[in-house]
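> Prediction below, plus the sequence it came from.
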Amino acid sequence: MCSTLGPVTRRRLTQKRRWPAEVQSALDNFEAEFGALSGRMRERLADAVIARNITESGDIRAAVNSVLTEDREELRVVLTEGAINGAEAGRRMASRRYGLDIDFETVPQTALDELTGFVDDVNGDVLDTIGEGVEGTLEDAFEEGLDRDAVADVMRDQLDNELGEAAAQRHARTLVQGASERGTHSAIRESSAVGERWVATNDGRTRDTHLEAEGQIAPVGGTFRVGGSNLVHPGDPGGPLKEIVNCRCTAVPVFEDELSDDEVATLRAGGRLNA
């Protein structure tokens with residue numbers, strides 16, 4: 001039977017099937033919440049343009065930021081919930097997949113605290129991107145002499161790029177997947193594992209630095225060395241953006257019976273094992 005799915009649809013289905021069920025659920029929930037919020041943000045800004053609350057003669061950036069004031073906190077709530085759900089999903093997945101004897105229902109406060117700064121960074125980045133993109137778009141549209149409805153439509157098109165499906169997926173993979181790896185890491189730390197092995201997704205879209213880290217084993221409580229940076233786990237919120245945005249790698253627990261005595265000793269001394 002011939003498939004009626006186009007190449008883009010097939011690719012999306014393939015991508016969705018790649019994630020563990022728990023993590024995929026957290027990603028889907030975040031993308032839905034982010035998409036609903038971004039739609040409201042687009043319409044609020046469009047209404048503000050039409051109502052002349054944003055004008056060509058004033059400070060466009062300040063006016064845009066004023067309109068988005070109430071969205072700032074709502075966006076933080078969506079991002080925070082996504083991070084928490086991701087961390088919980090990572091712990092559940094680790095408990096199921098690796099048979100870890102842990103309380104996977106409770107995310108350690110330390111893990112949640114470590115995500116707070118990351119949420120704030122993403123929150124600020126989203127709002128800054130909107131402000132910068134909309135400001136330039138509105139300035140150009142006003143200079144072209146478009147009427148208010150047309151200016152609002154141009155701005156909506158701009159925000160489709162800044163807040164659309166691709167943006168939702170990017171933030172989900174960066175924030176939620178990073179949080180799920182933080183949850184997995186916290187679960188592994190509570191288990192009898194002595195190390196964690198970096199596992200890259202080798203499909204032609206993975207960073208060279210992440211492929212080079214494939215198979216590297218870091219001691220539990222230690223860090224991986226990836227592209228010149230020390231990462232606690234894949235998608236580590238404390239790592240540089242160039243190494244964590246859209247990261248699809250994961251880490252798996254390594255137990256003593258998988259290693260030689262010398263390798264165990266190296267890990268217990270805080271050293272890494274390279275593939």
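Now that the structure is in, tell me what you want to look at.
> Excluding covalently adjacent residues, which one is nearest to Phe118?
Nearest residue to Phe118 in three dimensions, chain neighbours excluded: Pro237, at 3.3 Å (C-beta to C-beta, 6 or more residues apart in numbering). Just so you know, the C-beta spots here come from the backbone N, C-alpha and C atoms, and that holds for glycine as well.
> The one you found and Arg182 touch, don't they?
Yes: counting by C-beta atoms under 8 Å, Pro237 touches Arg182, with 7.0 Å between them.
> Got the domain ranges for the chain?
Annotated domains of the chain cover 20-177, 193-268 [automatic domain parsing].
> I'd guess the residue nearest to Phe118 is in a helix, am I close?
No: Pro237 is assigned coil when assessed by DSSP: H, G, I helix; E, B strand; the rest coil, not a helix.
> hmm, back to that, how about CSV for the domains of the chain, with distance to Asn274, mean pLDDT and mean neighbour count added?
As requested, the domains of the chain are exported to CSV (distance: least, C-beta to C-beta, whole Å; pLDDT from 0 to 100; neighbours: other C-beta atoms under 10 Å):
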stretch, distance to Asn274, mean pLDDT, mean neighbour count
domain 20-177, 22, 91, 18
domain 193-268, 6, 93, 18
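> Turn those domains into JSON lines, including distance to Ser186.
Compiled in JSON lines, the domains of the chain are given as follows (distance: least, C-beta to C-beta, whole Å):
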{"stretch": "domain 20-177", "distance to Ser186": "4"}
{"stretch": "domain 193-268", "distance to Ser186": "9"}
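> Give me the phi and psi for Pro234.
phi -60, psi 140 (degrees, to the nearest 10).
> Could you pull up the residues touching it?
Residues in contact with Pro234 (C-beta atoms under 8 Å, 6 or more residues apart in numbering) are Gly178, Glu181, Trp198, His210, Phe224, Ile244, Cys247, Cys249, Thr250, Ala251.
> go again using 7 Å as the cut-off
Applying C-beta atoms under 7 Å, 6 or more residues apart in numbering, we find Pro234 in contact with Glu181, Trp198, Cys247, Cys249, Thr250, Ala251.
> Quick check: the gap between it and Thr69.
Pro234 sits 35 Å away from Thr69, going by C-beta to C-beta, to the nearest Å.
> any idea which element the closest residue to Ala150 other than its chain neighbours lies in?
Nearest non-adjacent residue to Ala150, counting by C-beta to C-beta, 6+ apart: Ala141, 7.3 Å away. Counting by DSSP states H and E, the element that carries Ala141 is helix 109-143.
> Show me what that helix packs onto, helices and strands only.
helix 60-67, helix 69-98, helix 148-163, helix 177-189 (3 or more C-beta pairs under 7 Å, 6 or more residues apart in numbering; DSSP states H and E).
> what's the angle between that helix and helix 60-67?
With axes from the mean of the first three to the mean of the last three C-alpha atoms, to 10 degrees as the basis, helix 109-143 and helix 60-67 are set at 130 degrees to each other.
> what angle sits between helix 109-143 and helix 69-98?
140 degrees.
> wait, doesn't Ala251 sit right on Glu196?
Yes: here Ala251 reaches Glu196: they are 4.3 Å apart, a contact under C-beta atoms under 7 Å.
> Find residues that contact each of Pro237 and Arg182.
Glu114, Leu115.
> Check for me that Val49 belongs to a helix.
Yes: applying three-state DSSP, one finds Val49 inside a helix.
> Go ahead and confirm it touches Arg148.
Yes: contact between Val49 and Arg148 holds when scored by C-beta under 7 Å: they sit 6.1 Å apart.
> Look up how far Val49 lies from the residue nearest to Ala150.
Taking C-beta to C-beta, one finds Ala141 at 9 Å from Val49.
> before we move on, the earlier item: among the contacts of Pro234, which lie within helices?
Assigned to helices by DSSP state H, the following of those qualify: Glu181.
> would CSV of the contacts of Pro234 with distance to Pro20 be doable?
Formatted as CSV, the contacts of Pro234 follow (distance: C-beta to C-beta, whole Å):
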residue, distance to Pro20
Glu181, 11
Trp198, 17
Cys247, 15
Cys249, 14
Thr250, 9
Ala251, 13
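> before we move on, the earlier item: how much space is there between the residue nearest to Ala150 and Asp160?
Taken as C-beta to C-beta, the span from Ala141 to Asp160 is 15 Å.
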